[in-house]
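Asks: Sequence plus predicted model, see below.
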Amino acid sequence: MLNTSFYYRTNSLIADTFPVAQIAHEVGTPLYLYSLKRALHNYYTIKEAFDGANIQAHIHYSIKANGNLALLRGLIAAGAGMDAVSGGEIFRAITAGASPDTIVYAGVGKTMAELRYAVEQRIGWINVENRDECDLINAIAGTVGVRQRIALRLNPHIVANTIPNIATGHGGAKFGLSMNIIEDILRDKHLFPHLDFAGIHIHIGSQLHDIAETAEAVKIARDLAFRHGIKTLDIGGGFPVAYQDGDELPHPSAFAQVIAPLVNGLDVMLEPGRGIIADAGILVTEVQYIKKQDWDTFVIVDAGMTELIRPMLYEAHHSIIPLEQRSGDSERVQVVGPVCESTDVFARQVPLVNPQRGDLLAVMTAGAYGMAMASNYNARVRPAEVMISASGLAWEVARRRETWEDLIRGEV
Ligand SMILES: Cc1ncc(COP(=O)(O)O)c(C=O)c1O
């Protein structure tokens, strides 16, 4: 799963211009390593795909995928807006320098305090998933003295062909509002004088493979928008990312070409997360032990489900490769973490050549939903994050490794 930023040069894994092992030796492991250059490349690929299809799309990076401030700053400087799902993410976006009016805020369970913060900060959009939210936001906006722009999140009842746990637009999902409820709200919009019903929002899932499903959902949302004179369509995120060699996935331009004829006359917003940062990040880990027993070889590393839970949560595949390639025949090993859970296995058939204690490995395509989902389970400290600059010529620790003191901070 190599790309323009992560590649081998004379058997050593390089990140932009730096041997990954050099950074790992300086910072220690486990370690998340990101390439801002690659993230910006992905951002511009999506932007140019939509520009090329004559859609003026506003890209709002989905902070949930990876909220590191260095990343947010880089994307904001490139012109991205932000997509937040909590008060904390709005705070992160504003701290990183986002102008509040470029922030959209979604979520099924926004609290009163979060909504108040969002309205007081004058954020651009609130994506509403519940009629009661309309009451709350209307009341808050009235008190603050503003008219809050909102988009109603439609559940288009489309079953996206993706990992079931990351499909969100089907009838049984908790996300969004059914068509009849949205029609009722829009019929009653005079009851909400402090709301500007300016948009329709959809997001049918992540890692979307099937452009036809996206087109179908966009068509349903577009028709709804047209019926009510609504001018903005937020079509969410979901651009797919290759996690293994040979994954054949639609390019953003394929989505743009299919969507373009459907959204004539509408403003379009996008909320990509994974598509921007997944392949711009790797998790670097050190082999602690090799255990050969019965018919298995276990390669026990110093990262686990506490650093990257996707394989354990979704059975997601991540390629695992050595920082220094060895010649010889590879054997198939289980790469496992140190966490006290039998599910703490990254992968079961990883080809490695003569793995040794002290070897450094890279878990590839780990930039999205990696550190963002990291935990302190087993009282493990969360790893450091390193960002390589947009030029590819400098790096810095963008977030220091936690300490044991961090683990008990806040406890009595
Ligand atoms: C509403 C919404 N927008 C955007 C995203 C980002 O999705 P992705 O990272 O697949 O682009 C998500 C992910 O769950 C989401 O729920």
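Replies: That came through, no problem. Numbers count the residues shown, from 1 in each chain.

Asks: show me where the stretch 201-350 of the chain has strands.
Replies: 232-234, 267-270, 281-293, 296-301, 320-322, 330-336, 345-353 (DSSP state E, counting those that start in this stretch).

Asks: And the average pLDDT for the fifth one is what?
Replies: To tie it back to what came earlier, the one meant is strand 320-322. The average pLDDT within strand 320-322 is 98.

Asks: what about the residue of the stretch 101-250 of the chain found nearest the ligand, how many neighbours?
Replies: The ligand sits closest to G237 of the stretch 101-250 of the chain, with a gap of 2.5 Å, by C-beta to the nearest ligand atom. No exception for glycine: its C-beta is placed from N, CA and C like everyone else's. Neighbour count of G237, defined by other C-beta atoms under 10 Å: 26.

Asks: you'd agree it is up against M269?
Replies: No. The criterion here is C-beta atoms under 8 Å, and G237 misses it with M269 at 10.4 Å.

Asks: related to what we said a few turns ago, give the contact list for the residue of the stretch 101-250 of the chain closest to the ligand.
Replies: Listed by C-beta atoms under 8 Å, 6 or more residues apart in numbering, the contact set of G237 reads 62, 83, 203, 206, 270-275.

Asks: from these, which single one is nearest E324?
Replies: For the contacts of G237, the closest approach to E324 (C-beta to C-beta) belongs to R274, at 28.7 Å.

Asks: For the residue nearest in space to the middle of the chain, what are phi and psi?
Replies: Central residue of the chain (C-alpha atoms, centre = their mean): A65, 2.2 Å from the mean position. A65 adopts backbone torsions of phi -70, psi -40, taken as degrees, to the nearest 10.

Asks: how far away is it from I211?
Replies: 21 Å (C-beta to C-beta, to the nearest Å).

Asks: Any regions of the chain where pLDDT drops low?
Replies: 160-172 (pLDDT under 70).

Asks: What parts of it come near the ligand?
Replies: By C-beta under 6 Å from any ligand atom, the part of the chain that sits against the ligand consists of 62, 65, 83, 106, 168, 203, 206, 236-239, 271-275, 368.

Asks: Report the contact partners of Y117.
Replies: With contact taken as C-beta under 8 Å, 6+ apart, Y117 is in contact with 87, 90-91.

Asks: following the helix or strand containing it, which helix or strand comes up?
Replies: Assessed by DSSP states H and E, Y117 sits inside helix 112-120. Using DSSP H and E, the helix or strand that directly follows helix 112-120 along the chain is strand 125-128.

Asks: name the helices or strands packed onto that following strand?
Replies: Other elements packing on strand 125-128 under the criterion 3 or more C-beta pairs under 8 Å, 6 or more residues apart in numbering; DSSP states H and E are strand 103-105, helix 112-120, helix 131-144, strand 148-153, strand 195-201.

Asks: Let me know which of these is the nearest to Q356.
Replies: strand 103-105 (47.7 Å).

Asks: Tell me where the stretch 301-412 of the chain has helices.
Replies: Remark: helices assigned in the stretch 301-412 of the chain by DSSP state H, counting those that start in this stretch are 310-314, 404-408.

Asks: Go through those and name the closest to N354.
Replies: That would be, of the helices of the stretch 301-412 of the chain and by C-beta to C-beta, helix 310-314, which comes in at 23.7 Å.

Asks: what's near enough to touch the residue nearest to A374 when sequence neighbours are not counted?
Replies: Excluding its sequence neighbours, the residue lying closest to A374 (C-beta to C-beta, 6 or more residues apart in numbering) is R382, at 4.7 Å. Residues counted as contacts of R382 (C-beta under 8 Å, 6+ apart) are 306-307, 371, 374-376, 401-402.

Asks: What is the burial count for I408?
Replies: That count, for I408 with other C-beta under 10 Å as the rule, works out to 10.

Asks: What residues does the residue nearest to S253 when sequence neighbours are not counted make contact with?
Replies: Taking C-beta to C-beta, 6+ apart, and ignoring the residues beside it in sequence, S253 has A49 as its nearest neighbour in space, at 3.9 Å. The contact partners of A49, by C-beta under 8 Å, 6+ apart, come to 251-253, 255-256.
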